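Novice: Predicted model and sequence follow; I will ask about them next.
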Amino acid sequence: PAISVPATRARRVGIMGGTFDPIHHGHLVAASEVADLFDLDEVVFVPTGRPWQKAERQVSAAEHRYLMTVVATASNPSFWVSRVDIDRPGPTYTVDTVRDISALRPGAELFFITGADALQAILSWKDADELFTMCHLVGVTRPGYHLSSEHLPSDSVTLLDVPAMAISSSAVRDRVRAFRPAWYLVPDGVVQYIGKYALYRG
Ligand code: ATP
Ligand code: MG
C-alpha cells in the first residue's frame with residue numbers, strides 16, 4: 001500500500017518594512033489582508049534603521065519606532081517585530097532586510113508587502129534584481145497613489161486591493177504637532193505611547 005505522506009509546504013512569511021514613525025492602521029490592515037489572502041503563517045514588521053530615502057527629515061529614534069510597532073502588533077499572534085534593520089549599522093536597504101529574515105526562516109517562502117507608493121520606487125532600490133529572486137512582492141492599494149507593476153517582473157509581483165485607509169504617518173505627526181487627535185488612526189496603545197514620550201511635538 002502507498003505510504004501516506006503528510007502534505008507539507010514551505011512556511012509562508014510576510015515582511016512589512018517601514019519607517020513606522022508611527023505605525024498606523026493602514027500598515028496593519030495591509031499586513032492583515034495580505035496574510036489572509038496569501039495564507040501566510042506570520043508577518044514580520046521590520047522598522048527601518050536609517051531610511052536612506054528620508055535622510056532629509058528628522059526620524060524618531062529607532063527604539064521609539066520599534067516599541068510602537070511592538071505595542072501595535074502585540075495582540076496578533078501571527079505578527080511580530082524584528083530588529084534586524086535597526087541593529088544593522090548604516091542605511092537600510094530592503095535587500096539586506098530580506099536576506100536577514102531569510103536567514104532566520106530557512107526554506108520559507110517570503111512575501112514582501114509594500115504600498116503603491118513604495119512599489120513604484122522599487123526599481124531604484126539597491127540590488128532590486130536580487131530582491132526579486134529572494135521574495136515575492138505584494139503591492140497593495142493606497143489612497144492617493146496609483147498601483148501599478150509597470151517595469152517590474154510580472155512573475156515576482158502581485159497587486160492587491162486592500163480596504164482604503166487614507167492614513168499616513170506624516171499626517172499623524174502633523175496632527176499631534178497641532179494638538180489634534182490621533183485616536184482611531186493608530187492603535188490606542190500607540191496614541192498613549194506618543195503622549196507618554198511627547199513624540200512629534202516639534
Ligand atoms: P510617511 O508619511 O512618514 O512616509 P507612511 O504612512 O508612508 O509614513 P511608511 O512607514 O513610510 O508609512 O510605509 C511603510 C509601508 O507601508 C510602505 O510600503 C507604504 O507604502 C505602506 N503604507 C503606508 N501607509 C499605507 C496605507 N494607508 N495603505 C496601504 N499601505 C500603506
Ligand atoms: Mg511613506
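Specialist: Received, thanks. Ligands and ions are numbered 1, 2, ... in the order given.
Novice: Can you report phi and psi for Thr133?
Specialist: Backbone torsions for Thr133, taken as degrees, to the nearest 10, come to phi -80, psi -20.
Novice: Who are the contact partners of it?
Specialist: By CB atoms under 8 Å, 6 or more residues apart in numbering, Thr133 lies in contact with nothing. Any C-beta I mention is one placed from the backbone N, CA and C, and that applies to glycine too.
Novice: and it, what pLDDT?
Specialist: For Thr133, the model assigns a pLDDT of 95.
Novice: how close does it get to Tyr93?
Specialist: Applying CB to CB, to the nearest Å, the value for Thr133 to Tyr93 is 15 Å.
Novice: go on, Val70?
Specialist: Separation of Val70 from Tyr93 (CB to CB): 23 Å.
Novice: what does Asp39 give?
Specialist: Distance from Asp39 to Tyr93, by CB to CB: 28 Å.
Novice: More neighbours: those two, which one.
Specialist: Tyr93 (19 against 9; other CB atoms under 10 Å).
Novice: any idea how far Thr114 lies from Arg180?
Specialist: On the measure of CB to CB, Thr114 and Arg180 end up 28 Å apart.
Novice: again, but for Met165
Specialist: 18 Å.
Novice: These two: which is more packed in?
Specialist: Taking neighbours as other CB under 10 Å, Met165 and Arg180 compare with Met165 leading, 18 against 11.
Novice: you'd agree the more buried one is in a strand?
Specialist: No - under DSSP: H, G, I helix; E, B strand; the rest coil, Met165 sits outside any strand and is assigned coil.
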